[in-house]
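> return atomic coordinates for the entry below.
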Amino acid sequence: MSDSAEEDGVLTAETDDEGEERENGSEEKDNAVHDQIESCPLTQELIAKSLSLLCRTANGLSHAYVRLDLKNRRLTDLTLLASFVHLRYLDISSNQLSDFSPLAGLTQLLWVKGDGNLLHGFEEQPFSRFAYLQWLSFASNRLLAVKGLGGPALETLNLMGNGIQTMKGLEYHNLNNLVTLELRGNHLETTNYIYLPNLRHLYLAQNNIKQLEGLEKLECLQTLHLRENQLETLDGLSAKMKCLQYLNIRGNLISSMKGLQALVSVGKTLKALVLLDNPLAKTDDYRLYVLARLSQMERLDNDLVTEEEKSEAVEKEFEDESNEENK
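Sure thing, here's the model as predicted:
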């Protein structure tokens, strides 16, 4: 993975500047928006123009088009899709959709992109009932919570650029196969309630996270991206995170060595750490301090760790952190 990929994450989606407006907006404002939207239902003609990828149907006895691209059509109603039960790939991004119940009968769906719509929540929506759905993206919608969200086959979930304040209500018992979760650009204040046993990549940059909680449940996590949050310490990292290799905490509020003590709990596996743009990163010895405690480190702040640095870190003596705050 390149430096830029590590910094930005593996998923891409457009962010918007409406997060604060969504957080503070009232129900009356949302209703006013709906009143201004001109009705634009899906038509048979548009469907015919947008279908592609001819494949055998599930029973193998016939053929059907399984891909439908309806991006940026100003659609407000998907009712006509209810009969297209053979669809597997559906792009309905950049429309004006808030109700996705017409998709309930599309049981063969594998991939759904719904970015840039008006989805407010997952309750009463059909996505958790799709037995084969592996990839789902609802970036830049109107989501404030995730209650009702699940998916037994889901591997990748992108909810970037919404107004989500808590992960409470996530149907984690129905997300056992989720590997990648993208939550950048929301309003989370904690990492709690993300109880996903097989999660490997978690992207939480550009939230309001002040404390790390519940991470001990993420035993398979390899990538944790926390850039531009409000962390003052890394308390909450756990030795149970026995697979963590990459940690990005760039642009937080860590100002002392004491705030890094919890790194020792993941020191056996951590190979790459980004600390840039924290107050601590302006001090002279922070790099050696980290290397003295993380013997497996290969990259710090996107720079390769040299053998000379490792030797210097071992030789340097650091004052006991517990006495630091008493100086």
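
> what score does Ser311 have for pLDDT?
On pLDDT, Ser311 comes in at 89.

> other SSEs contacting the helix or strand where it lies?
Remark: Ser311 resides in helix 307-315, with elements defined by DSSP states H and E. With contacts defined as 3 or more CB pairs under 8 Å, 6 or more residues apart in numbering; DSSP states H and E, helix 307-315 has these neighbours: helix 286-293. C-beta coordinates here come from the backbone N, C-alpha and C atoms, glycine included.

> how about residues contacting the helix it packs on?
Contacts with helix 286-293, where a contact means CB atoms under 8 Å, 6 or more residues apart in numbering, come from 257, 260, 263-264, 267, 273, 275, 280, 297, 300-301, 305, 309-310, 312-314, 316, 318.

> buried ones among the residues you listed?
257, 260, 263, 267, 273, 275, 280, 297, 300-301, 305, 309-310, 313 (16 or more other CB atoms under 10 Å).

> want to throw those into TSV with distance to Val85 and secondary structure?
Listed next are the buried ones among the contacts of helix 286-293 as TSV, based on distance: CB to CB, whole Å; DSSP: H, G, I helix; E, B strand; the rest coil:
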residue	distance to Val85	secondary structure
Met257	59	helix
Leu260	54	helix
Leu263	51	helix
Gly267	52	coil
Leu273	48	strand
Leu275	51	coil
Leu280	56	helix
Met297	52	coil
Leu300	52	strand
Asp301	51	coil
Val305	54	coil
Glu309	60	helix
Lys310	59	helix
Ala313	61	helix
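
> and which of the residues you listed is nearest Asn192?
Checking the buried ones among the contacts of helix 286-293 against Asn192 with CB to CB, the nearest one is Leu263 at 20.3 Å.

> gap between that closest one and Gly251?
Note on Leu263: its distance to Gly251, by CB to CB, to the nearest Å, is 17 Å.

> ok, back up a step: got TSV for the buried ones among the contacts of helix 286-293, with distance to Gly163 too?
Converted to TSV, the buried ones among the contacts of helix 286-293 look like this (distance: CB to CB, whole Å):
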residue	distance to Gly163
Met257	35
Leu260	31
Leu263	31
Gly267	36
Leu273	30
Leu275	29
Leu280	30
Met297	36
Leu300	34
Asp301	31
Val305	39
Glu309	42
Lys310	44
Ala313	42
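
> between these, which is nearest Leu247?
The closest of these, once distances to Leu247 are taken by CB to CB, is Leu273, at 5.2 Å.

> shouldn't the closest one be in contact with Gln245?
No: contact criterion CB atoms under 8 Å: Leu273 and Gln245 do not qualify, at 9.9 Å.

> for Ser137, what are its contacts?
By CB under 8 Å, 6+ apart, the neighbours of Ser137 are Leu11, Ala13, Ser93, Val112, Lys113, Gly114, Asp115, Thr156, Leu157, Asn158.

> so how far is Gly185 from the last one?
Spatial separation of Asn158 from Gly185 under the definition CB to CB is 11 Å.

> what do you get for Asn252?
16 Å.

> show me the contacts for the residue lying closest to Glu213 once chain neighbours are set aside.
Nearest in space to Glu213, with sequence neighbours left out and distances taken as CB to CB, 6 or more residues apart in numbering, is Asn192 at 4.0 Å. For Asn192, the contact set (CB under 8 Å, 6+ apart) comprises Thr166, Met167, Lys168, Glu213, Gly214.

> check the nearest residue to Gln108 once chain neighbours are set aside and give its pLDDT.
Leaving out its chain neighbours, the residue that sits closest to Gln108 by CB to CB, 6+ apart is Arg88, at 5.3 Å. At Arg88, the model reports a pLDDT of 97.

> helix, strand or coil: sort out Glu216 for me.
Three-state assignment for Glu216 (DSSP: H, G, I helix; E, B strand; the rest coil): helix.

> for the nearest residue in space to it that is not next to it in sequence, what are its contacts?
Spatially, and ignoring its direct neighbours in sequence, Glu216 is nearest to Ser238 (3.7 Å; CB to CB, 6+ apart). Applying CB under 8 Å, 6+ apart to Ser238 gives the contacts Leu215, Glu216, Ser265, Val266.

> Ser238 and Asn208, how far apart?
According to CB to CB, Ser238 and Asn208 sit 22 Å apart.

> enumerate every residue touching Lys217.
By CB under 8 Å, 6+ apart, the contact list for Lys217 reads Ile194, Tyr195, Leu196, Pro197, Lys240.

> of those, select the buried ones using a PyMOL command.
Selecting the buried subset of those in PyMOL, with 16+ other CB under 10 Å as the burial test, is done by:
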select buried, resi 194+196
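
> specify which member of the contacts of Lys217 is nearest to Asp69.
Leu196 (30.2 Å).

> so the closest one sits against Leu181, correct?
Yes: in this structure, Leu196 is within contact of Leu181 by CB under 8 Å, at 6.9 Å.

> is Leu90 in a helix, a strand, or coil?
Here Leu90 is strand, with the state taken from three-state DSSP.
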